[in-house]
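**Student:** next one to model:
(3 chains)
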Amino acid sequence: MKKHEKNFSAEEIEQGTSLWKDSYERLRKNKLAMAGGVVLIILSIIALLAPWIAPYTYESQNLELGATGPSKAHWLGTDILGRDLLTRLIYGSRISLSVGLCATAISLLIGVFYGAVSGYYGKKTDTIMMRIIDIMYALPFTVFVILLMVLFGRNFILLFVAIGAVEWLTMARIVRGQVLSIKKQEFIEAAISIGLSQPKIILKHIIPNVLGPIIVYITLTIPNVMLLEAFLSFLGLGIQPPMSSWGILIKEGADGMEEYPWLLMSPGIALSTTLFSLNFLGDGLRDALDPRTYKKQKPYI
Amino acid sequence: MKTYNHDKHIKFSFLLLSVLTLMTPGCRPKIDPVEHGNHKQILHIGNGTEPQDLDPHIVTGVPEHNIISALLEGLVAEDPKTLQPIPGVAEDWEVSPDGTVYTFDLRKNAQWSNGDPVTAHDFVFSYKRILAPALGSEYAYMLYVIKNAKDFHKGTITDFLQVGIKAMAHDILEITLENATPYFLSLLNHYSWFPVHPPTILKHGRIDERGTKWTRSENFVGNGPFVLDTWKINDMIIVKKNETYWDADNVRLNAIHFHPIEDERTEERAFRSGQLHITGSVPLSKIEVYKEKKPDLIKISTFLGTYFYRINVHRPPLNDVKVRRALAMAIDREGIVKNVTKGGQQPAYAFTPPDTAGYTTRTRIPSDIHQAKKLLAEAGYPNGMGFPKIELLYNTSEGHRTLAQAIQQMWKKDLNINVKLLNQEWKVYLDTVKQQNYNIARAGWIGDYVDPNTFLDMFVTDGGNNDTGWSNPEYDQRIREVAKISNFPQRMEHFQQAETILLDQTPIIPIYFYTRVYLIQPNVKGWYENLLDHHPYKYVYLSKK
Amino acid sequence: MTTFILKRIFFETLPTLLIIATLTFFMVRLAPGGPFSQEKSVTPEILENLKAHYGLNAPLHKQYFDYMKNLLRGDLGPSFKYPNRTVNELIANAFPVSFELGLYALLFALLVGNAAGLIAALCPNTKSDYIPMSLAMLGICIPSFVLGPLLVLIFSLWLGWFSVSGWDFPSDRILPAITLGATYAAYIARLTRSGMLEILNQDFIRTARAKGLPEYKIILKHGFKGGVIPVVSFLGPAVAGLISGSFVVETIFQIPGLGRFFVNAAFNRDYTMVLGTVLFFAILIILFNLVVDIILVWLNPKLRFRE
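**Tutor:** The predicted structure follows:
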């Protein structure tokens, strides 16, 4: 397959659609990626159906029972207030998955576009945009969160705002670095020379070519975001007990990891499973979208 | 192209990892600090946090107290078991018949660590210093029992001679009080009453200058059984035996190392591996484990403090005393101390801890679900019907969160009331409570001295720590009168009446009385349990065993 | 090059710092609860005295200009929480510790991360890809507040190789450095792998191969240089974060570093300390981003060509 970037004519757009189709075909052949996708879908379904499939309610306690290991009545055991861990895990997935999804979407939208513009235009634009990132990066996050809470009250949306606000910064820097490195390549200069508009160049040529690091960084960001959510909830922004999330469950589990290891294990496994699935799917997507890597499963043999 | 040998890569990465993790395990000292300390009489204490300062007139916390009480000594000292005042810098004292004038005879051999004698003038200087408005001491009010001290501190009088403190001679100090204050001598063991060395203070700044360098280890001059030796921020404070201390012969420890370990799990691990003799606390999940497996290492002692919830009495439906009492009665305190807090706490059915200076409240708010339901129905919410949604505020912490969830469930299960939990970061929480911008808020109160007054004067109308909006003239009157009564039974009766009013009106929900739970090596001797958790170090020593 | 750096310092760094200082100054003051609020509340008179001492009762704009004037002289003011310490002193005391720890952690992260990423990229979709990458993912999944205590339990309490906490002996650096570096190592591994894969399929690598250059030369000289670009972009803020300390790691291992001040200063509303740590961090960020930009130019000859 010839490099698609080098055809800049009107056919290119048509080829673009076939590119997506090809990518999908390639993705479908990648078993690991598909398995990752299936696991994610199952997790989402569980989260959506939480009230119907959870064996108990997430707040019902049994103080006398306290923390017990896995048993017939409680498959994953109970926490120190005697609440069923499986139930809390299922409900927690709702918070964690949605936080992961939304915050990542925010950081993706802002970070990629910001980084691409900054890197592409360069010069003064780049300078100013990058210094804005430096400023945001340096501001005290804890104080920022406290202020958000005080100014706007407690609101679930704010959680996404706060997380999105920090997560896009590194993303923007990474994208910018990539864009800087590819914008001087022949196919971009050629695109400029045939007079394509700049937004078009950024959207059609620049961003698709930096997808690799973006996808990798996203898959790294999601678990981070889920843990960050726990920190914000402790500050009072975000969810309030008795509702829980994976991040909070892991934090609570870590506190008693010697005495009640099961309280750490299950949420830890839930988070890892999600991350592994995301990574397999992410890698698959990356490979599928990049026609160059596709050809060689074993490149050096 | 050559085929790559994958196994080689795997081997290489494993090698790399193992080299990194196996590096130099040998450079750790062979003997652990506790064992070393037992031989050299060096005590290692887990002390919570880095002290703000070591200036007795500026600091406010317990970690600071733990260090300062080793470095400085007040007019009286305390018996390590009973906390009864015993001679300190003052050898002897006399009280006037009306109980308002105290005359202290200072011992001749009391010395500062630089060799200067400790004189009555030093105490006058010290009290002038803490009362000086510009110093901004947060505990200056502890001295308000002295005649005119409050006026001097507020700046209404500027002549210190009018304040009831006089050096009658080099070694005689006379203190005149505003009213007879039965607990006066026990106040003297609070660090706000400790002396400072005037020449040292003046060498580094004005008498009322805040934050000078006199407390640095190279400058500090004290009169306690120990002297400040090393101060490494967030790392360690070392105090060593003070050879000039008048009772140095009876001091058996050679040094104390204070470790500012904030995380209680880190602290517990440090204790377990022999780095600490005594910890400041025990993680909740570890209490059970120690109680079962190592009961000789864990100590639980009652402590002069109450954990309670404040109720904002201006917010409907909480402005109805029946609702407040229903909420208070629906809490299963026995269940809480047994299954949630687990640290040997006593369930609190009243506000003042039992046997505080011989006072135990006779009224109580019982845990009685049946009665609670009845009261709620009378208030117009039969079976919780139509009860508005209210919020329970607490500051972010694992313990508060767990307890709040348990109580939330009790109210839900027994009264069918939905309460929302709301946690806030510490200072935001304090602000919310001060602004009375809450429905129900978690609170705790630790007594400053052993007397019911430290608990009950808090809820007078517009008291600085009332924060509930509750006000009752009769209650105010009882507390006002009590200051002027020196007759013990009469005084106690006033407290009884006042607390009965408080409990009947229920602007607060007492939940449990604090305990202090900590770990201690069996080698530590001369360390006794008492209500204020004070442990005069001159009695402490380490057995080699 | 020198003019580039000088220009950047005068026309970019200073204004950036000014904006950061200004924003932070007003942000902390907006947050509810002051430096002196506490459970046993202070009487209004005492509060007034305290505010007077620290100049907090002056109009806000005067406080701001006073602060800025001192800042120009490099004076970050007294700490509110620790009355006998200045912010300069506290930072000067704690930074060397955090710097040392951060350096070890960075070393660990680069060594492990790059090696794992490189190995994985050379043989994608084989054992030597999956194993290091799975380990990397575990590294990301395990937050430091789990990894730290876990390492202590195994290596200190169980095997007895290291002290459980403290900062006294050379061996006290190992567990905290691994705890702090693990996540970064995992990030670097992932980013290296993807960056290398991208590069190894480019034309010039194929050309080099066709020319018959030895494989290690191709990979190290041509491939690695281009492949680490995402890693380098990531490292700018990451290094600044690493050497300015970590609250969690310092708390778990009882290390007297700077990280704890970042969090505690905000919680204590220690205004001057918040500003001090933020500005210090900002300088680090800007410094390392500058270094990163220079490295990016160096790694990418085409950028240099244009300059």
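**Student:** show me where the chain dips below the pLDDT cut-off.
**Tutor:** No chain in the question, so chain A it is. Applying pLDDT under 70 to chain A flags residues A:1-20, A:290-301.
**Student:** I was after chain C.
**Tutor:** Under the criterion pLDDT under 70, the flagged ranges of chain C are C:1, C:301-307.
**Student:** what's the neighbour count on C:Leu47?
**Tutor:** 18 (other CB atoms under 10 Å in any protein chain shown). All C-beta atoms are positioned from the backbone trio N, CA, C, and that covers glycine.
**Student:** excluding chain neighbours, what is closest to it?
**Tutor:** Leaving aside its chain neighbours, C:Leu47 sits nearest to C:Phe36 (6.0 Å; criterion: CB to CB, 6 or more residues apart in numbering or on different chains).
**Student:** so the one you found touches C:Glu48, yeah?
**Tutor:** No: counting by CB atoms under 8 Å, C:Phe36 does not reach C:Glu48; the two are 10.5 Å apart.
**Student:** compare these two and say which one has the larger neighbour count.
**Tutor:** Shown here are C:Phe36 and C:Glu48; by other CB under 10 Å, C:Phe36 has more neighbours (20 against 16).
**Student:** help me confirm that the more buried one is found in a strand?
**Tutor:** No: using DSSP: H, G, I helix; E, B strand; the rest coil, the assignment for C:Phe36 is coil, not a strand.
**Student:** what helices or strands is the longest helix seen in chain A leaning on?
**Tutor:** Ranked by number of residues, the top helix in chain A under DSSP state H is helix A:85-121. Packing partners of helix A:85-121 (3 or more CB pairs under 8 Å, 6 or more residues apart in numbering or on different chains; DSSP states H and E): helix A:31-48, helix A:50-53, helix A:123-138, helix A:156-182, helix A:211-235, helix A:246-255, helix A:261-289.
**Student:** burial of B:Thr215, as a residue count?
**Tutor:** When neighbours are defined as other CB under 10 Å, B:Thr215 has 26 of them.
**Student:** before we move on, what about the one 3 residues further on?
**Tutor:** When counting by other CB under 10 Å, one arrives at 7 neighbours for B:Glu218.
**Student:** returning to that earlier point: and the residue nearest to C:Leu47, what does it touch?
**Tutor:** B:138, C:42, C:47, C:50-51, C:80 (CB atoms under 8 Å, 6 or more residues apart in numbering or on different chains).
**Student:** out of those residues, which are inside helices?
**Tutor:** Judged by DSSP H, helices contain the following of these: C:47, C:50-51.
**Student:** ok, then the element right after the helix-or-strand element of chain B with minimal mean pLDDT?
**Tutor:** Least confident helix or strand, chain B: helix B:6-22 with a mean of 49, by mean pLDDT, DSSP states H and E. Next along the chain after helix B:6-22, taking DSSP states H and E as the criterion, comes helix B:33-40.
**Student:** what about the helix or strand following that following helix, distance to the chain center?
**Tutor:** Downstream of helix B:33-40, the first helix or strand assigned by DSSP H and E is strand B:42-46. Strand B:42-46 sits 19 Å away from the centroid of its parent chain (CA atoms, centre = their mean, to the nearest Å).
**Student:** which strands and helices sit next to the helix or strand following strand B:42-46?
**Tutor:** Counting by DSSP H and E, the next helix or strand C-terminal to strand B:42-46 is helix B:62-71. Here helix B:62-71 is seen to pack against strand B:226-232, strand B:236-241, strand B:255-259 when contacts are counted using 3+ CB pairs under 8 Å, 6+ apart.
**Student:** would you pull up how far stretch C:17-32 lies from the middle of the chain?
**Tutor:** Its chain's C-alpha centre and that of stretch C:17-32 lie 21 Å apart, by CA atoms, centre = their mean.
**Student:** one step back: report the angle between the longest helix of chain A and helix A:211-235.
**Tutor:** Angle, helix A:85-121 to helix A:211-235, by axes from the mean of the first three to the mean of the last three CA atoms, to 10 degrees: 130 degrees.
**Student:** ignoring the adjacent residues along the chain, who's closest to C:Phe162?
**Tutor:** C:Ser156 (4.8 Å).
**Student:** residues from the stretch 1-150 of chain A in reach of chain B?
**Tutor:** By CB under 8 Å from any CB of the partner chain, the residues of the stretch 1-150 of chain A that approach chain B are A:59-61, A:63-64, A:66, A:80-81, A:146, A:149-150.
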